[in-house]
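Trainee: 3D model of this:
(2 chains, ligands or ions: 2)
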Amino acid sequence: MRVLVAIKEVGDPAVPVHVGNGEKTLNREGVAGVINPFDEIALEEAVRLREQGIAGEVVVVAFGPQSWEGSLRTALAMGADRAILIVSSLGCEPLEVAKGLSACAKDEACNLLLLGRQGVDQDWGTTGPMTAGILGWPQATFVSKITVTRGFVDVVREVDGGRHHLRLSLPAVISVDLGLNTPRYASLPNIMKARGQSIAMRRPPEPSAPSWDIVSHAPPPVRSSGRRVASVEELVEQLDRAGVLP
Amino acid sequence: MRVLVVASDRLGNPSPLTARAVTAGTQLGRVDLLVAGTRSQEKAEAGCCLHGVEAVLQVTHGPHFPPSTENLAQIIAGLAQDYRWIVTVHDTFGADVMGRVGGLLETSPITQVNGILDSGTVTRPVQAGQAVARVVMQKFPSLLTVRPTAFAPAAKTENLAPVRYLALPEGVLSGEHHGFYPSLSQRPDLNQAAIIVAGGQGLESARSFETVAVLADLLGGAVGATRGAVDAGLAPPDLQIGQTGRVVAPDLYIGLGISGAIQHLAGIKDSGMIVAINHDPGAPLHAVADFSLVADLFTAASRLGEIMMARKNK
Ligand SMILES: Cc1cc2nc3c(=O)[nH]c(=O)nc-3n(C[C@H](O)[C@H](O)[C@H](O)COP(=O)(O)OP(=O)(O)OC[C@H]3O[C@@H](n4cnc5c(N)ncnc54)[C@H](O)[C@@H]3O)c2cc1C
Ligand SMILES: Nc1ncnc2c1ncn2[C@@H]1O[C@H](COP(=O)(O)O)[C@@H](O)[C@H]1O
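Mentor: Ligands and ions are numbered 1, 2, ... in the order given. So this is what the prediction gives:
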């Protein structure tokens, strides 16, 4: 079984974003790029499947600029066997990415495509199900448990109000949630080894007409800063005045 | 022009969040409501009395039951040509199905919409709520998932919308449904609760996290947690509030031992009132709170509990 893992690079979420009024693109220049945290979880799961002898090969793919090579090398150091970069400009819309990923999934004849439930930069959360729709493969989102049995994969989904148990036939697309695993760190020898590995470069599919245009960004509305209360009694008095306590 | 609102499903039941998607839909055009899945009869009954719904399209049972995301996406894509907008709530149901519809129709959905400026322009938060993007639609039908916290539920009306029936398409490859397992908590849902008491790493141990639950119960509220608390094993993952958890907007949010990281604030900013209880005066949660109390959380929570208890017994 071959597992393909989609890797998105995002600006370090620990670095605050500064936005002026009316900016078309958010300036994140100089902010270090990291692998989207959910994609590390997806990769960790794929590597574990290989370690258990269930997956034969783990391939990582990113759809982004040349500068994302570094994140793919990190993915190799974390245990991926091969890496593919579909070279494109930064900030393509999810449809372009999904088209690129689905073409790659077919070319690679993978049996399982793993993605993150959301990119923590834009929070679209759509690339997984869009890719599944394009491929016509069954899908499961928000997955916190994966069990592969002959030709099938049983999953547990974290849905509002509880869990959803589902069986998918392979090939399938799965987007992963936080509870699935805790990703390992890449060891120094593996990081050194990954430096010498080659990354396959591919061309993106023909672009589609845009679905929308992000015309501008603005800072969020600020909550007017509140007041200090000196005691629990004063707090209760204020909350009563606002009528929010039972 | 017409809007197709897809009713949300919550563990196989009608979701109260559907009424919020209807409100968003009416801000765009004339709303038809699509209901499917288990208890679709109940969903149709709950939907046809919502203000603004002009017709209910009810999917009748087919060979696959309950219909999977794959089936439902196929149905929605089949109806798409009659609509200028297709709208769901951005919950785990809506995000799952709308993404797939986007793949079928070759349109990227605009997700997490928190404001509708006009029939072609919406806003959505990005970068953990540190910026708000203004997005102009360019392909139709346009696919939107809306944040339930940003839209009030549609009111009920006496004029019941007529119900039309649709058959499920056959032969769509899909997952095999093995069941829903509701969380065991008897407390109100994070999505619904008027009051949320949330706890952070200041709670130290799962046992002391009970402090949060006790206070929530006294207030008739829901329990929430930070990612820090979840990672430390203090609270289960489904209670996590924030950018990568649930987005909430109760009338009253009380944060105990929570620093107020950007990613947590992303999930609580739309709350009616925010209260911070943290012994560190420099904690960022104090800066966004309507009322902030610099105090030891255990002392403060037990005093607040006593006061609420005394009221109950009165
Ligand atoms: C990509 C990404 C996504 C994330 N998503 C989320 C998310 O969805 N939700 C989320 O919550 N976080 C999220 N985080 C994590 C977030 O950045 C913070 O690490 C987390 O919110 C911190 O949790 P905390 O406030 O419980 O812990 P801490 O930051 O450790 O704060 C604990 C606070 O408790 C106070 N305290 C301690 N003891 C007491 C006491 N006895 N009395 C009173 N106060 C006390 C301390 O002063 C401190 O301020 C995300 C991070 C990343 C990078
Ligand atoms: N440009 C990209 N290259 C590779 N994978 C991506 C890309 N964008 C999104 N993904 C994958 O899709 C998931 C969801 O991202 P998004 O839909 O952007 O929120 C991510 O966690 C990745 O696994």
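Trainee: Can you tell me whether I have it right that residue A:220 is in a strand?
Mentor: No: assessed with DSSP: H, G, I helix; E, B strand; the rest coil, residue A:220 is coil; it does not lie in a strand.
Trainee: and the gap between it and ligand 1?
Mentor: Relative to ligand 1, residue A:220 is positioned 16 Å away (C-beta to the nearest ligand atom, to the nearest Å). For every residue, glycine as well, the C-beta is placed using N, CA and C.
Trainee: OK, contacts around that residue?
Mentor: Shown in contact with residue A:220 (C-beta atoms under 8 Å, 6 or more residues apart in numbering or on different chains): B:125, B:129-132, B:269.
Trainee: Need the max-distance pair from the residues you listed.
Mentor: Longest distance between any two of the contacts of residue A:220 is 12.8 Å, between B:131 and B:269; criterion C-beta to C-beta.
Trainee: And the residue nearest the centre of chain A, how far from ligand 1?
Mentor: The centre of chain A sits closest to residue A:116, judged by C-alpha atoms, centre = their mean, with a distance of 3.2 Å. According to C-beta to the nearest ligand atom, residue A:116 stands 10 Å off from ligand 1.
Trainee: Leaving out chain neighbours, which residue sits closest to that residue?
Mentor: residue A:38 (2.7 Å; C-beta to C-beta, 6 or more residues apart in numbering or on different chains).
Trainee: Tally up the residues packed near that neighbour, please.
Mentor: Residues lying near residue A:38 (other C-beta atoms under 10 Å in any protein chain shown) number 26.
Trainee: same question, residue B:176
Mentor: Around residue B:176 there are 14 residues (other C-beta under 10 Å).
Trainee: near ligand 1, which residues of chain B show up?
Mentor: B:200-202, B:226-229, B:240-245, B:257-259, B:261, B:263-264, B:267, B:278-280, B:283, B:296-298 (C-beta under 6 Å from any ligand atom).
Trainee: Can you tell me which of those are buried?
Mentor: Among the residues of chain B next to ligand 1, those scoring as buried are B:200-202, B:226-229, B:240-245, B:257-259, B:261, B:263-264, B:267, B:278, B:283, B:297-298 (criterion: 16 or more other C-beta atoms under 10 Å in any protein chain shown).
Trainee: Those residues in helices, which ones?
Mentor: Residues from those lying in helices, with DSSP state H as the criterion: B:227-229, B:263-264, B:297-298.
Trainee: How about chain B: which residue is closest to chain A?
Mentor: Scanning chain B for the residue nearest chain A gives residue B:103, at 2.2 Å (criterion: C-beta to the nearest C-beta).
Trainee: Quick check: that residue is in a helix.
Mentor: Yes: assignment of residue B:103 by three-state DSSP places it within a helix.
Trainee: Now it: closest residue in space, sequence neighbours ignored.
Mentor: Residue B:103 sits nearest to residue A:133 (C-beta to C-beta, 6+ apart), 2.2 Å away.
Trainee: Using the three-state scheme, assign that neighbour.
Mentor: Assigned by three-state DSSP, the conformation of residue A:133 is helix.
Trainee: just the one 4 residues further on next, same as before
Mentor: Judged by three-state DSSP, the three-state class of residue A:137 is coil.
Trainee: pLDDT weak spots in the stretch 151-300 of chain B?
Mentor: Residues of the stretch 151-300 of chain B meeting the criterion pLDDT under 70: B:168-174.
Trainee: For it, just list every one of the helices.
Mentor: Counting by DSSP state H, counting those that start in this stretch, the stretch 151-300 of chain B has these helices, from start to end: B:206-219, B:227-231, B:262-265, B:284-288, B:297-312.
Trainee: Which among these is found nearest to residue A:13?
Mentor: Set against residue A:13 and scored by C-beta to C-beta, the helices of the stretch 151-300 of chain B come closest in helix B:262-265, at 7.1 Å.
Trainee: which other residues reach that closest one?
Mentor: A:13, A:16, B:128-130, B:200, B:226-227, B:241-244, B:258, B:284-285, B:288.
Trainee: same deal with stretch B:280-297?
Mentor: Contacts with stretch B:280-297, where a contact means C-beta under 8 Å, 6+ apart, come from A:223, A:225-229, A:231-232, A:235, A:238-239, B:202-203, B:211, B:255-261, B:264-265, B:269, B:273-279, B:300.
Trainee: In strands, which of the residues you listed fall?
Mentor: Judged by DSSP state E, the subset of the contacts of stretch B:280-297 located in strands is A:227-228, B:255-256, B:273-277.
Trainee: Most neighbours among the residues you listed, which one?
Mentor: Among these, residue B:255 has the most neighbours (other C-beta under 10 Å), with 33 neighbours.
Trainee: shouldn't that one be in contact with residue B:267?
Mentor: No: in this structure residue B:255 lies outside contact range of residue B:267 using C-beta atoms under 8 Å: 11.1 Å.
Trainee: Bridging across strands, which residues link to the residue nearest to the centre of chain A?
Mentor: residue A:176 (DSSP bridges).
Trainee: Would you check that it makes contact with residue A:43?
Mentor: No: with contact defined as C-beta under 8 Å, residue A:116 does not reach residue A:43; the gap is 9.7 Å.
Trainee: follow-up on the earlier one: which pair in the ones in helices among the buried ones among the residues of chain B next to ligand 1 spans the largest distance?
Mentor: The distance between the two most remote of these (C-beta to C-beta) is 25.3 Å, for B:263 and B:298.
Trainee: Domain-wise, how is chain B divided?
Mentor: B:2-167, B:195-312 (automatic domain parsing).
Trainee: Make TSV out of these and add distance to residue A:6.
Mentor: As requested, those are exported to TSV (distance: least, C-beta to C-beta, whole Å):
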stretch	distance to residue A:6
domain B:2-167	13
domain B:195-312	17
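Trainee: Closest residue of the stretch 51-200 of chain B to ligand 2?
Mentor: The minimum distance from the stretch 51-200 of chain B to ligand 2, using C-beta to the nearest ligand atom, falls at residue B:99 (7.7 Å).
Trainee: Name the nearest residue to that residue, sequence neighbours excluded.
Mentor: With C-beta to C-beta, 6+ apart as the criterion, residue B:99 has its nearest non-adjacent residue at 2.8 Å, and that residue is residue A:129.
Trainee: what about that neighbour, distance to residue B:288?
Mentor: The gap separating residue A:129 from residue B:288 is 33 Å, by C-beta to C-beta, to the nearest Å.
Trainee: quick one, which of these two is more surrounded?
Mentor: Neighbour comparison, residue A:129 and residue B:288: the larger count goes to residue A:129, with 31 against 20 (by other C-beta under 10 Å).
Trainee: Doesn't the more buried one belong to a helix?
Mentor: Yes: looking at residue A:129 with three-state DSSP, it is inside a helix.
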